[in-house]
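>>> Got a sequence here, can you build the structure:
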Amino acid sequence: MTYEAVIGVEVHAQLRTKSKLFCGCGTVFGLAANSQTCPLCLGLPGSLPVLNRAAVEMAVRAGLALNCTIAVNNIFARKNYFYPDLPKGYQISQYEAPICEHGWIEIAVGEGTQRVRIRRAHLEEDAGKSVHVAGTNGSRVDLNRAGTPLLEIVTEPDLRSADQVVAYLKGLRDVLMYLEVCDGNMDEGSFRCEPNLSLRPLGQKEFGTKVELKNINSFKFVKDAIDYEIKRQTKVLSEGGKINQETRLWNLDRGETAVMRSKEDAHDYRYFPDPDLVPLKLDQEWIEGCRKQVAELPAVRMRRFVSEFGLSEYDAGVLTASRAMADYYETCVGLFNQPKIVSNWVMGELTRELNRSGTDASASPVSPEQLVSLLQLVEQGTISLKVAREIFPEVYSSGKTPEQIVQEKGLIQVSDEGALDQVIGDVLAKNLTQVAQFKEGKQQVLGFLVGQVMKASGGKANPGKVNELLKKRLG
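Numbers count the residues shown, from 1 in each chain. Sure thing, here's the model as predicted:
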């Protein structure tokens, strides 16, 4: 029997607030264990939560970008379960009244696009972290993350393959990073995904029993885990077995999923409204103010770069994958209206140096103005393209302007016909065999002679002028 995979995805996106969802403790990653905690984080009796306005604003902006309906009336609920990293014994979340509902996002699938429906996106606080130290008895708990604001984004079961899931996750992550509501760092747990997967006979409408996958921190592992789980479930069903509703961990070392626990249903958490938090009512005018803050999203910006700047879809996709890179590129084009030349430099020399130094485009030591000044030196014939490429790493690392480096190193290109004629004369006199070959019709020899002139001039001769003068001298 042929089976079809039915996949929905839950994403926990950490919001980029400076403080936690219900207290003033910081959210910086990697600090000493339990150094960002207070009575509320520790679940001490008498501590009361106060909602972080910035987190609500970020959630609304994300919801608007995902074409969701924003709920004017919001209620926070307690999700009850017991685990060592949850000191209160419950997690503050939203259940019956999520802040965002009924949205969608379009993803690239093959040559076309596919709409993935967003069922809901709701605010909740994160739990702490259990720390298992090798060679010691027991485990420890770090509550620095407890209370960190999350936006949980849940899709409808619209996805059918690992590739579609990865495309969705990349598209969603790009949107959230563009809005600057999430940094998208999967290694640090800022963007966590949990696919829910079931199989059903092809053509059947009813869903099969779903399995949730956890412990996945890269797009590659998402694909590997889903592909493995599809094969595992297919084998179980083909042999007449039964799929259990459970949560399974992805074991990277073994390349397989393993049972973590049986999968809970909503009623197992005994949701009820949090008595310490009054209902949140959002003003429609305030929501519209948030809408104005929603930036042009990557897919729209990519299409605009193609139509406005004449770029290929590939180039436009690379340039708009990061908001900072797209802003950098567009600033450059505004100063130097040669879109393709600018894209070559931003995607080539600039990206190479950024990757080498681990720097984001927003913090590039070479400003758009400096890159443009370098390109203008080439356009004006002051320096050659070869020299521009050679000095760019120094512009990047030294903080000096391109003009300073060109002056200091004496790299100004020679275009004076009198000076070039003298160099050309010397080269022709030393290469009489090649001169004769050219006159016999071997046009390719011209390249050799140009190279000899460039070498004799220390790379300072204007190649275009050299070509012109050599042709004139050779007849």
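>>> Let me see the contact set for the spatially closest residue to residue 318 that is not a sequence neighbour.
Using C-beta to C-beta, 6 or more residues apart in numbering and skipping residues adjacent in sequence, the residue nearest residue 318 is residue 347, 5.7 Å away. In short, each C-beta sits where N, CA and C put it, glycine included. Shown in contact with residue 347 (C-beta atoms under 8 Å, 6 or more residues apart in numbering): 315, 318, 319.
>>> Pull the number of nearby residues for the closest residue to residue 77 other than its chain neighbours.
Leaving aside its chain neighbours, residue 77 sits nearest to residue 95 (4.3 Å; criterion: C-beta to C-beta, 6+ apart). Counted with other C-beta atoms under 10 Å, residues neighbouring residue 95 total 18.
>>> residues contacting residue 95?
Residues in contact with residue 95 (C-beta under 8 Å, 6+ apart) are 77, 79, 122, 266, 271.
>>> Likewise for residue 168?
9, 105, 107, 116, 155, 159.
>>> Tell me where the longest strand sits in the chain.
strand 112-125 (DSSP state E).
>>> quick one: buried residues of it?
Within strand 112-125, the residues that count as buried by 16 or more other C-beta atoms under 10 Å are 114, 116, 118, 119, 120, 121, 122, 123, 124, 125.
>>> separation between the second one and residue 186?
So that's residue 116. 19 Å (C-beta to C-beta, to the nearest Å).
>>> quick one: which of the contacts of residue 347 has the most company?
When neighbours are counted by other C-beta under 10 Å, residue 319 leads those with 26 neighbours.
>>> who's in contact with that residue?
302, 305, 311, 325, 326, 329, 343, 346, 347.
>>> tally of neighbours for the closest residue in space to it that isn't next to it in sequence?
The spatially closest residue to residue 319, leaving aside those adjacent along the chain, is residue 329, at 4.9 Å (C-beta to C-beta, 6+ apart). Residues lying near residue 329 (other C-beta under 10 Å) number 29.
>>> who's in contact with residue 329?
Counting by C-beta under 8 Å, 6+ apart, residue 329 makes contact with 319, 342, 343, 346.
>>> Apply 10 Å and report the result again.
By C-beta atoms under 10 Å, 6 or more residues apart in numbering, the residues touching residue 329 are 305, 309, 311, 315-316, 318-320, 322, 339, 342-343, 345-347, 350, 361, 368, 371.
>>> where's residue 7 relative to residue 168, distance?
With distances taken as C-beta to C-beta, residue 7 is found 9 Å from residue 168.
>>> Could you list the buried residues of the top helix by length along the chain?
Counting residues, the longest helix found in the chain (DSSP state H) is helix 219-238. By neighbour count with 16+ other C-beta under 10 Å, helix 219-238 contains the buried residues 219, 221-226, 228-230, 232-233, 237.
>>> What of stretch 84-100?
85-88, 90-95, 97-100.
>>> same check, this time on stretch 417-431
Here stretch 417-431 shows 420, 423, 424, 427, 428, 431 as buried, counting by 16+ other C-beta under 10 Å.
>>> Is it possible to get JSON lines of those that adds secondary structure?
Formatted as JSON lines, those follow (DSSP: H, G, I helix; E, B strand; the rest coil):
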{"residue": "420", "secondary structure": "helix"}
{"residue": "423", "secondary structure": "helix"}
{"residue": "424", "secondary structure": "helix"}
{"residue": "427", "secondary structure": "helix"}
{"residue": "428", "secondary structure": "helix"}
{"residue": "431", "secondary structure": "coil"}
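>>> average pLDDT across the strand or helix carrying residue 287?
Taking DSSP states H and E as the criterion, residue 287 maps to helix 284-292. Per-residue pLDDT over helix 284-292 has a mean of 95.
>>> Touching that helix from outside, list them.
With C-beta under 10 Å, 6+ apart, helix 284-292 has contacts from 56-65, 70-72, 282-283.
>>> Lowest-confidence entry in the buried residues of stretch 417-431?
Confidence by pLDDT is poorest for residue 420 among the buried residues of stretch 417-431, given 81.
>>> show me what contacts that one?
So residue 420 contacts 414, 453, 457, 460, 461, 462, 465, 466, 468, 469, 470 (C-beta under 10 Å, 6+ apart).
>>> repeat for residue 117
Going by C-beta under 10 Å, 6+ apart, the list of residues near residue 117 reads 8, 67, 102, 103, 104, 105, 154, 155, 156, 157, 158.
>>> what residues are up against residue 132?
138, 139, 140.
>>> and of those residues, the nearest to residue 403?
The closest of the contacts of residue 132 to residue 403 turns out to be residue 140 (C-beta to C-beta; 57.1 Å).
>>> Nearest spatial neighbour of that closest one, chain-adjacent residues omitted?
residue 131 (4.5 Å).
>>> okay, which residue is most central for the protein?
residue 174 (5.1 Å; C-alpha atoms, centre = their mean).
>>> Which secondary structure state does that residue sit in?
What three-state DSSP gives for residue 174 is helix.
>>> same check, this time on the one 10 residues further on
Local secondary structure at residue 184 is given as coil here, using three-state DSSP.
>>> so it makes contact with residue 217?
No. Taking C-beta atoms under 10 Å as the definition, residue 184 is not a contact partner of residue 217, at 12.0 Å.
>>> Who has more neighbours out of those two?
residue 184 (21 against 17).
>>> Can you tell me how far that one is from residue 191?
In terms of C-beta to C-beta, residue 184 sits 5 Å off from residue 191.
>>> which neighbours do those two share?
Each of 13, 14, 169, 172, 173, 176, 177 lies in contact with both residue 184 and residue 191 under the rule C-beta under 10 Å, 6+ apart.
>>> Of all pairs in those residues, which one spans the longest distance?
14 and 169 (15.0 Å).
>>> Assign a three-state SS to residue 91, would you?
strand.
>>> Could you find the closest non-adjacent residue to it?
Nearest one to residue 91, counting by C-beta to C-beta, 6+ apart, is residue 79 at 4.5 Å.
>>> That concludes my questions; thank you for your assistance.
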